[in-house]
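# What would the 3D arrangement of this be:
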Amino acid sequence: MPSSAISSFTEIDGARLRSPGGREFTIPLPTTGTYAAVARRLDLDASLLDHARQVGAQVLEGVAVTGAHQDGEGTHIELDGIGRVNPSFVIAADGMWSTVRRELGLTPENYRGEWHAFRQYGQGATGVAKDELIVWFERDLLPGYAWSFPLGNGEVNIGFGMLRGEILSGKKMANIWRDLLERPHIREALGDGFRLVDRHTAWPIPARVGEMPLSAGSVLFTGDAAAATDVLTGEGIGQALLTGRLAAEAIISGGPATSVAATYEREVKGELVADHRMSVRLGKVLGSPRGAEAALAIVAKSGGWGRRNFARWMFEDEPRAIAVTPRRWHRKMFSRPGAWANQ
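This next block holds a predicted model:
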């Protein structure tokens, strides 16, 4: 699927970071291809759906999953307006509140995710946020952060994320949101003409891959349904696409449900669990202002090569725990081009 199919697709060539103490610096990405990009979620999802339809997938829109159960004959899914279907395999890509997972009794009681995020779109940005991706490591959000992602023409996606243990209520999040937007360095980055549009949204982020079920009989859980979000950054789209691909490959490889599930779980754990554990450790460092300040100072003082590769690491161009997983080493770890390099 070409990037041109996504109307709001905006290539990112680096990021501006601000430490808890106010140190600001930029980290560039290499120029050999596209390593990071921003797009409106609706645009991305619509393009992915169109691509699936174009390559032959049957798409049923407006059809909800209303039930799921398993017996000796396999997995049975109830679809609103259609009734029961009995697929050979089910890829449950149905999010944090996975209906399939819940109906199979596999969701931990009172589970609300590890993080919570809050964001809104804005227009009229005239400051550096107009063209730059910005990450603000605010003292009161650590190990979380606030962000502004450019979408072109002065439009931005702006918001913040923080660990759920620090969130007492939706009212507290709304208060934090109003306070963030009034902070001088954030107002300066957005510019005088900036205004919020549409409504704000808030959502939980599940980030405990390896602890939540990855499979159940002929069901393979992917993305947020597998709690595959990065526990350090709260980013989950890359993990969703990866787990979806691994699920499809496991099914295509053939064999009984037990073999397919075993293949899928092995591949997901090999790709994500070591990085998750590394991210948990790093999160503990970034959870204190002193730790975050020290870590960012090291990056700020590194040379061009160090900053560029930190950006690649931050945007997960390479696995976060690649240094301690030699099986994933390859000759082009620090030099391979980004996506769409030849387009």
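
# And the pLDDT for the nearest residue to S218 once chain neighbours are set aside?
Spatial nearest neighbour of S218, chain neighbours left out: A257 (4.1 Å); criterion: CB to CB, 6 or more residues apart in numbering. No exception for glycine: its C-beta is placed from N, CA and C like everyone else's. For A257, the model assigns a pLDDT of 96.

# measure A257 to L286 for me?
As defined by CB to CB, to the nearest Å, A257 lies at a distance of 40 Å from L286.

# So between those two, which is more surrounded?
More crowded of A257 and L286, by other CB atoms under 10 Å: L286, with 21 against 18.

# nearest residue to the more buried one other than its sequence neighbours?
Nearest one to L286, counting by CB to CB, 6+ apart, is P143 at 4.1 Å.

# shouldn't that neighbour be in contact with V280?
No - assessed by CB atoms under 8 Å, P143 is found out of contact with V280, at 10.2 Å.

# Tell me, how many residues neighbour the residue nearest to W136 when sequence neighbours are not counted?
Leaving aside its sequence neighbours, W136 sits nearest to A146 (CB to CB, 6+ apart; 4.3 Å). Per other CB under 10 Å, the neighbour tally for A146 reads 24.

# How about the contacts made by A146?
135-136, 138, 158-160, 180, 186 (CB atoms under 8 Å, 6 or more residues apart in numbering).

# Just want the phi and psi numbers for T229.
Dihedral pair for T229: phi -60, psi 150, per degrees, to the nearest 10.

# How about the contacts made by it?
114-115, 205-207, 209, 235-236, 239.

# Tell me the pLDDT of it.
94.

# measure stretch 130-150 end to end?
6 Å (CA to CA, to the nearest Å).

# Just the helices from the stretch 201-343 of the chain, written as ranges.
237-252, 257-268, 274-286, 289-301, 304-314 (DSSP state H, counting those that start in this stretch).

# Format the ones you listed as TSV; extra columns: distance to K172.
Shown next, in TSV, are those (distance: least, CB to CB, whole Å):
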stretch	distance to K172
helix 237-252	27
helix 257-268	34
helix 274-286	21
helix 289-301	20
helix 304-314	28
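
# right, so of those helices, which gets closest to R164?
For R164, the closest of those is helix 274-286, at 13.0 Å, according to CB to CB.

# Can you give me the buried ones in the closest one?
274-279, 282-283, 286 (16 or more other CB atoms under 10 Å).

# Of these, just say which sits nearest to I82.
The shortest gap between I82 and any of those belongs to H276, at 36.6 Å (CB to CB).

# Now the closest residue to A64 other than its chain neighbours, what are its backbone angles?
Excluding its sequence neighbours, the residue lying closest to A64 (CB to CB, 6+ apart) is D80, at 4.3 Å. Dihedral pair for D80: phi -60, psi 120, per degrees, to the nearest 10.

# please renumber so the chain begins at 730
Taking 730 as the first residue, the last one we looked at is D809.

# how close does the nearest residue to L971 once chain neighbours are set aside get to M941?
Distances taken as CB to CB, 6+ apart place E1000 nearest to L971, at 6.3 Å, with adjacent residues excluded. Computed with CB to CB, the distance linking E1000 and M941 is 15 Å.

# what does L746 give?
For L746, the distance to M941 - CB to CB - is 31 Å.

# So if I had to pick from those two, which one is more boxed in?
Ranked by neighbour count (other CB under 10 Å), L746 and M941 place L746 first, with 23 against 20.

# you'd agree the more buried one is in a strand?
Yes - under DSSP: H, G, I helix; E, B strand; the rest coil, L746 falls within a strand.

# any idea which element the closest residue to it other than its chain neighbours lies in?
Nearest residue to L746 in three dimensions, chain neighbours excluded: V864, at 5.3 Å (CB to CB, 6+ apart). Using DSSP states H and E, V864 maps to strand 863-865.

# same check, this time on Y850
Under the assignment here (DSSP H and E), Y850 is part of strand 844-852.

# Pull up the pairing partners for that strand, direction included.
According to DSSP bridges, strand 844-852 has the following sheet partners: strand 884-892 (antiparallel), strand 924-934 (antiparallel).

# Are any of the contacts of A875 buried, and if so which?
Buried among the contacts of A875 (16+ other CB under 10 Å): 864-865, 867, 887-889, 909, 915.

# so can I have JSON lines of those residues showing distance to H780 and pLDDT?
Shown next, in JSON lines, are the buried ones among the contacts of A875 (distance: CB to CB, whole Å; pLDDT from 0 to 100):
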{"residue": "V864", "distance to H780": "30", "pLDDT": "97"}
{"residue": "W865", "distance to H780": "34", "pLDDT": "98"}
{"residue": "E867", "distance to H780": "37", "pLDDT": "96"}
{"residue": "I887", "distance to H780": "28", "pLDDT": "97"}
{"residue": "G888", "distance to H780": "27", "pLDDT": "97"}
{"residue": "F889", "distance to H780": "31", "pLDDT": "96"}
{"residue": "L909", "distance to H780": "36", "pLDDT": "96"}
{"residue": "I915", "distance to H780": "36", "pLDDT": "98"}
